[in-house]
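Enquirer: Structure for this input, please:
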Amino acid sequence: MNRRSRESIGLFVLVLTSIPGLYAGLLPARSALATAGTPAEAAELRRHLRRGEVEATGTAVAVGVAASLLAGEAWPLIGVLIMSGYLINEYESAARRGQERPAGGHPTP
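Expert: From the prediction side, this is the model:
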């Protein structure tokens, strides 16, 4: 079994830890998604969410592919895909919480 180089491990960690910032920069804040005030505001946030998910995921995959080519291993790309899936789930969960809120009210039990 080959030992991974320090550079390979460093690339994996660097790429994996940069992905949340990428999503945060391109998607609406999860708190805004969860607390959208009006149905129109919620619809606009969801529109931005969908576009941001495509942009962030596409960029993340490109970074993962590049890091995997540099490392000579698939682990950076695998890490990016797992982290992207986790973050998309978190953003979608926040959007669902925002849809469950009555306009101007608190979430339904």
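
Enquirer: Please report the distance of residue 89 from residue 14.
Expert: 23 Å (C-beta to C-beta, to the nearest Å). No exception for glycine: its C-beta is placed from N, CA and C like everyone else's.

Enquirer: residue ranges for the strands of the chain, please.
Expert: Ranges of strands within the chain: none, based on DSSP state E.

Enquirer: what ranges of this structure fall below the confidence cut-off?
Expert: Screening the chain residue by residue with the criterion pLDDT under 70, one finds the ranges 1-3, 101-109.

Enquirer: Please repeat the previous calculation with a cut-off of 50.
Expert: 1, 108-109 (pLDDT under 50).

Enquirer: Can you show me the helices along it?
Expert: 6-26, 30-34, 39-71, 75-100 (DSSP state H).

Enquirer: quick check: angle from the first one to helix 39-71?
Expert: Right, the one you point to is helix 6-26. Put simply, helix 6-26 runs at 160 degrees to helix 39-71, going by axes from the mean of the first three to the mean of the last three C-alpha atoms, to 10 degrees.
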